[in-house]
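Undergrad: the sequence and its predicted three-dimensional model are supplied below.
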Amino acid sequence: MDKYKRLLSNTVLFAISSFSSKVLVFVLMPFFTRVLDLGEFGDANLITKYAQLLIPLVSVGIANAVIRFGLDKSYDKAAVFTSGLTAIGIGTVLLFALWPVLYPLLDLQNHTWLLYAYVLMSVLRNLCSQFVRSKQYTRLYAVDGLLDTVLYLFFVVLFMGVFHWGITGYVLATAAADAGSAVFLFLMADLGRYVKFSRFDPKVFKKMVRYAVPLIPASMFWWITNTSDHVFVTYMLGDEMNGLYETAYRIPNIINLFATLFTEAWQLSAVTDGDRRSPGRARFFSKVFLSYQALLYICGAGLIYLAKVEVICLTASVDSPYYPAWQYVPILVIATIFSCFVSFLGSVYMVEMRSGQNLFTMMAGAILNLILNWFLIPSYGPNGAAFATFVSYLLVFLLRAVNTHQYIPIRLHLGRMTVSVGLLGLEAWLMMQEVKYWVVWCALVGGIVVLLNAVPLLQSVFRIIKRRKGGR
């Protein structure tokens, strides 16, 4: 199959897998805002943020190694999966050993056990799903995504609507759905035949850990850049303000939704079609990135323009205490676009197995993010945190743009990028300031963004159609 058609096919399958679950988060927002007050909503999401920090530590980052080594035909699949289980077993023991330290440190009161349940179930599901992806069982992966959505909806209704468990139900619903998903994948993919400790290969385990370990602090630095602002907002401005900020964060997550669907498919293509032996791989990466960023700009322009409407849809009321969250959306949208650029360039490190350089770039962004949060939030509130996130991702993108060029000289189209981001910044400013006739001005600026970036998207569509006809 042609590499462009394979990328499109995998993206569609992963969309089937993930789209429903991601959309469900937005659909359920009016329900969450009714059953949880601002403070509870902020606290519930803070638990999930802490979980995202602990997941790479407990799993020793092994999920990243499972898909990378699992895709490599030179490694025994049983050795890869068994190594993943071994790493998770070690991490789980350490997690429980740290209970006396984490309980007072995280200050989650009686919710620490929820954090542990969330982390452990997520780790197990990640291992099974990444191994299934490495086996390229894309249809099974897609079915599992739908199952996970159904399970999550069931447990949300049961725990929060029927039992009225509040924060406990919010977190536990995700953990229970992940547990069901892990069992489903384990049985349907017959993963038990890959659990063979007799074929445990210390050399493979060491290589996987050596690849994964630098990604642990990289994930932590990613967490700092992407999530520490919630912690800063909570402790500097209070739970209710974090509840508003968390609500605003849900809007740009629409971009992350589509970016995640693409990234899951792109990682397979980047490894299978992006090795040194593949002719024209720099051209392949460049064309895909051009279409990718064009789509992100167009989506970003729409999300900024409709920020108020989107918050109303999430909270089901203009009079909702959540409504002021709209004013934090524009900057967060631009920050999210750059986080997507960072993830794309990270695929180069994955292909070249340069996880150490992945770590360095994320560390630089995380340090800058902490500094900016400290100085900007007291003066500018949540928008200070949003701006800190944007600047941090911009720094990481610039570092990766320079660093990855030595491996794959991707054409970044910096002129188009500068103009498009500048227009998005102008649109964001016009809306946040609510200048006279801002609706008209923002529509005009957003329209220019669409016109500027529509051509690369149309070219990609025509290219795929042409190749499809040529392959018949």
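TA: Thanks, I have it.
Undergrad: okay, helices next: where are they in the stretch 351-472 of the chain?
TA: Ranges of helices in the stretch 351-472 of the chain, per DSSP state H, counting those that start in this stretch, are 355-380, 382-404, 414-433, 438-470.
Undergrad: shaky segments in the stretch 101-250 of the chain?
TA: Within the stretch 101-250 of the chain, the stretches with pLDDT under 70 are 109.
Undergrad: pretty sure Leu46 is touching Asn242, no?
TA: Yes. Between Leu46 and Asn242 there is a contact at 7.1 Å, judged by C-beta atoms under 8 Å. Using the backbone N, CA and C atoms, a C-beta is placed for each residue, glycine as well.
Undergrad: residues in contact with stretch 214-228: which ones?
TA: The contact list for stretch 214-228 (C-beta atoms under 8 Å, 6 or more residues apart in numbering) reads 49, 52-53, 55-57, 60-61, 64, 339, 355-356, 358-359, 362-363, 365-366, 369-370, 373, 389, 392-393, 396.
Undergrad: got a quick ChimeraX command for the buried subset of the residues you listed?
TA: Of the contacts of stretch 214-228, the buried ones can be selected in ChimeraX as follows, counting by 16 or more other C-beta atoms under 10 Å:
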select :49,52,53,55,56,57,60,61,64,339,355,358,359,362,363,365,366,369,370,373,389,392,393,396
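Undergrad: neighbour count winner among Leu46 and Asn242?
TA: Neighbour totals were compared for Leu46 and Asn242, and Asn242 leads with 29 against 24 (other C-beta atoms under 10 Å).
Undergrad: how much space separates the more buried one from Val231?
TA: Noted for Asn242: a distance of 8 Å to Val231, by C-beta to C-beta, to the nearest Å.
Undergrad: do the same with Leu295
TA: Look at Leu295 and Val231: by C-beta to C-beta, they are 31 Å apart.
Undergrad: go on, Met208?
TA: Per C-beta to C-beta, Met208 is found 31 Å from Val231.
Undergrad: just Tyr322 next, same as before
TA: From Tyr322 across to Val231, the span is 20 Å (C-beta to C-beta).
Undergrad: out of the two, which sits in the more crowded spot?
TA: Higher neighbour count among Tyr322 and Val231: Tyr322, with 24 against 18, using other C-beta under 10 Å.
Undergrad: for the more buried one, give its distance to Val439.
TA: Taking C-beta to C-beta, one finds Tyr322 at 22 Å from Val439.
Undergrad: joint contacts of Asn242 and Val231?
TA: Jointly contacting Asn242 and Val231 under the rule C-beta under 8 Å, 6+ apart are Leu46.
Undergrad: C-alpha coordinates for whichever helix or strand Thr86 is part of, PDB please?
TA: Taking DSSP states H and E as the definition, Thr86 sits inside helix 77-97. Provided in PDB are the C-alpha atoms of helix 77-97 (Å, rounded to 0.1, in the frame of the first residue of the first chain):
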ATOM      1  CA  LYS A  77       7.500 -10.200  20.400                       C
ATOM      2  CA  ALA A  78       7.200 -12.400  23.500                       C
ATOM      3  CA  ALA A  79      10.500 -10.900  24.800                       C
ATOM      4  CA  VAL A  80       9.100  -7.400  24.200                       C
ATOM      5  CA  PHE A  81       5.800  -7.900  25.900                       C
ATOM      6  CA  THR A  82       7.300  -9.800  28.800                       C
ATOM      7  CA  SER A  83       9.800  -7.000  29.300                       C
ATOM      8  CA  GLY A  84       6.900  -4.600  29.400                       C
ATOM      9  CA  LEU A  85       5.100  -6.600  32.100                       C
ATOM     10  CA  THR A  86       8.400  -6.900  34.100                       C
ATOM     11  CA  ALA A  87       9.000  -3.200  34.100                       C
ATOM     12  CA  ILE A  88       5.400  -2.400  35.200                       C
ATOM     13  CA  GLY A  89       5.700  -5.000  38.000                       C
ATOM     14  CA  ILE A  90       8.800  -3.200  39.300                       C
ATOM     15  CA  GLY A  91       7.100   0.200  39.000                       C
ATOM     16  CA  THR A  92       4.000  -1.000  40.900                       C
ATOM     17  CA  VAL A  93       6.000  -2.300  43.800                       C
ATOM     18  CA  LEU A  94       7.800   1.100  44.000                       C
ATOM     19  CA  LEU A  95       4.500   3.000  43.800                       C
ATOM     20  CA  PHE A  96       3.100   1.200  46.900                       C
ATOM     21  CA  ALA A  97       6.400   1.600  48.700                       C
END
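Undergrad: so how far is it off the chain centroid?
TA: With C-alpha atoms, centre = their mean, to the nearest Å as the basis, helix 77-97 stands 23 Å off its chain's centre.
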